[in-house]
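Trainee: Next come a sequence and a model predicted from it.
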Amino acid sequence: MAARSKMILGRVAQAIPVVMGVVVISFLLTRALPGDPAAYFAGPAADEASIAEIRETLGLDEPLFQQFFYYVGDLIRGDLGTSLTTGQAVLTDLGARLPASLELTLVALLLSCAIAIPLGVLAATRPGTWVDHLCRVLVTAGVSMPTFFTGILLIYIFYYLAGLAPSPLGRLDFIYLSPPHVTGFYLIDAALAGDWETWLGALKQLILPATTLALFTLAPIARMTRAAMLSALSSDFIRTARAAGLSDRKVLFGYAFRNALLPVVTTLGMVFSFTLGANVLVEKVFAWPGIGSYAVEALVVSDYAAVQGFVLAMALLFVALNLVIDIAYALIDPRIGLN
Amino acid sequence: MADMTASTPDTTRRKGDTTLGHIVYVLRDNPVTMLAFAMLAFFLGCAFFGPALVPYDPLATNAARALEAPSWDHWFGTDNLGRDVFSRVIVATRLDLTISVAAVALSFVIGSILGSIAGYWGGWLDAALNRCLDTIMAFPLFVLAMGVVAALGNTVENIIYATAIINIPFYARLVRAEVNIRRHSGFAQAAKLAGNSDLRVLAVHIFPNSLPPMMVQVSLNLGWAILNAAGLSFIGLGVAPPTPEWGIMVAEGANFIVSGEWWLAVFPGLWLMLAVFTFNLLGDGLRDIVDPRKRT
């Protein structure tokens, strides 16, 4: 146990320089803004005097090194600047919109795992059959599909042609009232309030964007599951288990699958990074009010404080998630702690 | 000795032993790679000759024939301003390929230099480079590209720089690993003893060994760079509207998809997908030629 907690502490310590690097890059991006940051923070209606005043309060007339400390100080106080479009603090905006993005991403990842992992297992246990070929085609097609194009195609088929999906405009159709705010996840909030009609409405809105994201993440997960299962199935302990007369089911799920799961969990961290990027595109296609579409709207009107806040928030989220996955990995793997 | 020299020509002449023979053998064995090469030739043809061959001016508007479905006159239909979608899709090939090739070339060169230095000299240089690369990889890459374009300014060149920056870690790590395992090998030490400078040994004797796996990486990366650039222009970065480019055409077409004018978004999207698909297939095929063990 001591070895395990030491290893977890070591992993947390490893994340610290990465977080510092992220903050430095984010600072450089902020200072590399075209034009005068003071003019941006002051807003379009500002005159010379107020710009100069803001320059002084922001510390922009000081050397770069000192500015960096101001920047870090602001970050520690949770101050990411003010958005020009909404007039609110960027942190407040991001906090309000984050649940929408997380709900979409998590549902998509669950959906994609539910399809990709069984598909990968089937492909590995029956190499050369139609399941294997289907897996290979899906994997190659999946990495070639631009997410924004898949989304538009799905809208055309399921909204325009089939009429099955609701109009792709946001998280909830205007005929429903949004559920009382508890977690910000509409599916959970509506279920907590016992409002199943709204729950169904939110689910209907969610299906198409979640499918789009899931199709995109299907490929790496299925590919990794197949490869990990193949190498687990060809290892000695499986041969021993078979020779000992254990049932196929027991060998497959009790021994091979549990071992194959470890590399799959690691891949999920990588996939999450892609998903956070793809989220931006999918949210734009489906007018989903998450942080991705917030950043796109901010980009269009050159609202740079909002964009930088978004980039930093995404990077920190990603670092934190990788940390959690690595720690989960250490907890799952029984070999760690033995030596 | 005499036996050995006599038998050498025989073995080299045997089929499949030469590099060319091996390539021919693999290609014959794998028609999909042949198809990928044919598709690559098609896209290159579009990029070079497309603007001269298309039936309509990609920028010419014709309000009388706006939003027409695909027909013999307009193979891919016309858009909301009456521009020919087919001409625009073909002409866009050059811009999309230029962006991705330029970005990948930049990251290839910079990644090779950084990776070679870190792999050959090691030490604190290596550690510092690894920390920097880790930091870049700590960002969701598409999001970092967005941030870079936002910071540098909204132009096509900056799309190229942003795509190059997010790709550098992949090349630098690959070259670093390849150089690192060979820096103390016999041929490198022999070259050093023969009086070559470190730089010359690195550039002429060690680095070329990392080229085969790099080629695979380049091919897979090109597809990814096209997706990335198209994604950036889809959200309104880089390419300005009247210019034909696949990502922006899909974005413009998206507004008409809910009213049923599918051809505006579907054809550029399909072309984009085909281009990415080509490079992915090519990458897998090249991997078969370069490293037969990794065949799937």
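Mentor: That came through fine.

Trainee: going forward, measure contacts between C-alpha atoms and count neighbours the same way
Mentor: Fine.

Trainee: Can the helix or strand encompassing B:Phe86 be said to contact chain A?
Mentor: B:Phe86 is part of helix B:85-121, with elements assigned from DSSP states H and E. No: counting by CA under 8 Å from any CA of the partner chain, chain A is not contacted by helix B:85-121; separation bottoms out at 14.0 Å.

Trainee: That helix packs against which elements?
Mentor: Here helix B:85-121 touches helix B:31-53, helix B:123-137, helix B:156-182, helix B:211-234, helix B:246-257, helix B:263-290, going by 3 or more CA pairs under 8 Å, 6 or more residues apart in numbering or on different chains; DSSP states H and E.

Trainee: A:Ala179 in helix, strand or coil?
Mentor: In this structure residue A:179 is Pro, not Ala. Of the three states, A:Pro179 takes coil under DSSP: H, G, I helix; E, B strand; the rest coil.

Trainee: Now B:Arg173. Nearest residue, chain neighbours left out?
Mentor: Distances taken as CA to CA, 6 or more residues apart in numbering or on different chains put B:Gly115 closest to B:Arg173, at 6.1 Å, once the chain neighbours are dropped.

Trainee: swap in B:Val101?
Mentor: That would be B:Leu222: by CA to CA, 6+ apart, it lies 6.6 Å from B:Val101.

Trainee: burial count for that neighbour?
Mentor: 25 (other CA atoms under 10 Å in any protein chain shown).

Trainee: That one contacts B:Ala102, doesn't it?
Mentor: No: between B:Leu222 and B:Ala102 there is no contact, the gap being 9.7 Å when judged by CA atoms under 8 Å.

Trainee: ok, the residue nearest to B:Arg173 - contacts?
Mentor: Applying CA atoms under 8 Å, 6 or more residues apart in numbering or on different chains, we find B:Gly115 in contact with B:171-177, B:179.

Trainee: If I look at it, what pLDDT would I see?
Mentor: Reading off the confidence values, B:Gly115 has pLDDT 87.

Trainee: and what of B:Val104?
Mentor: 90.

Trainee: so who does it touch?
Mentor: When contacts are counted by CA under 8 Å, 6+ apart, B:Val104 is found next to B:163-164, B:167, B:218, B:221-222, B:225.

Trainee: what does the stretch 101-250 of chain A put close to chain B?
Mentor: So the stretch 101-250 of chain A meets chain B at A:140-141, A:144-146, A:148-149, A:152-153, A:155-156, A:159-160 (CA under 8 Å from any CA).

Trainee: Quick check: chain neighbours aside, which residue is closest to A:His133?
Mentor: Nearest one to A:His133, counting by CA to CA, 6+ apart, is A:Ala123 at 7.9 Å.

Trainee: Pretty sure the one you found sits in a helix.
Mentor: Yes: the assignment for A:Ala123 by three-state DSSP puts it in a helix.

Trainee: Return the distance of it relative to A:Val137.
Mentor: From A:Ala123 across to A:Val137, the span is 12 Å (CA to CA, to the nearest Å).

Trainee: out of those two, which sits in the more crowded spot?
Mentor: A:Ala123 (26 against 12).

Trainee: what's the nearest residue to residue 139 if we skip its chain neighbours?
Mentor: All of this refers to chain A. A:Ala219 (4.2 Å).

Trainee: meant chain B, my bad for not saying
Mentor: B:Phe139's closest residue in space is A:Ala315 (CA to CA, 6+ apart), at 4.6 Å.

Trainee: what does B:Arg287 give?
Mentor: Closest to B:Arg287 by CA to CA, 6+ apart is B:Val216, at 5.7 Å.

Trainee: same check, this time on A:Arg242
Mentor: Nearest to A:Arg242 is A:Val251, by CA to CA, 6+ apart, at 6.9 Å.

Trainee: Please parse chain A into its domains.
Mentor: A:1-85+A:301-339, A:90-300 (automatic domain parsing).

Trainee: For B:Leu211, find the nearest of those.
Mentor: Of all the domains of chain A, domain A:90-300 sits nearest to B:Leu211, with 24.3 Å by CA to CA.

Trainee: Next, the distance between the ends of that closest one.
Mentor: 16 Å.

Trainee: try stretch A:51-71
Mentor: First-to-last residue span, stretch A:51-71, CA to CA: 18 Å.

Trainee: Over to stretch B:72-92?
Mentor: OK, stretch B:72-92 end separation, CA to CA: 21 Å.

Trainee: Other residues contacting it?
Mentor: The contact list for stretch B:72-92 (CA under 8 Å, 6+ apart) reads B:46-47, B:50-51, B:54-71, B:244-246, B:253, B:263-264, B:267-268, B:271.

Trainee: same question for it, mean pLDDT?
Mentor: 77.

Trainee: Pull out the buried residues from that stretch.
Mentor: The neighbour-count check on stretch B:72-92 (16 or more other CA atoms under 10 Å in any protein chain shown) flags B:74, B:76-80, B:82-92 as buried.

Trainee: cool, stretch A:84-96 as well?
Mentor: Result for stretch A:84-96 [16+ other CA under 10 Å]: buried residues A:84, A:89-91, A:93-94.

Trainee: pLDDT check: weakest of those?
Mentor: A:Leu84 (71).

Trainee: that's a strand at that one, yeah?
Mentor: No: assigned with three-state DSSP, A:Leu84 falls outside any strand and is coil.

Trainee: That one touches A:Leu299, doesn't it?
Mentor: No: between A:Leu84 and A:Leu299 there is no contact under CA under 8 Å: 11.2 Å.

Trainee: what residues does the stretch 151-296 of chain B put near chain A?
Mentor: The stretch 151-296 of chain B has residues B:151-153, B:223, B:227, B:231, B:234-236, B:250, B:254, B:257-260, B:262, B:265-266, B:269, B:272-274, B:276-277, B:280 near chain A, with proximity defined as CA under 8 Å from any CA.

Trainee: Could you give the number of residues near whichever residue of the stretch 51-200 of chain A sits closest to chain B?
Mentor: Residue nearest to chain B within the stretch 51-200 of chain A: A:Ser144 (5.1 Å; CA to the nearest CA). By other CA under 10 Å, the residues close to A:Ser144 number 24.

Trainee: go on, B:Val156?
Mentor: 18.

Trainee: Need the pLDDT of it.
Mentor: For B:Val156, the model assigns a pLDDT of 86.

Trainee: With A:Ile157 instead?
Mentor: pLDDT at A:Ile157 comes out at 85.

Trainee: For residue 183, report the pLDDT, please.
Mentor: I went with chain A, as the question did not name one. Per the predicted model, pLDDT is 77 at A:Thr183.

Trainee: To clarify, I was referring to chain B.
Mentor: 80.

Trainee: so what's it up against?
Mentor: B:119-120, B:189, B:206.

Trainee: now, among the residues you listed, which is nearest to chain A?
Mentor: So of the contacts of B:Arg183, ranked by how close each gets to chain A (CA to the nearest CA), first place is B:Gly119, at 21.5 Å.
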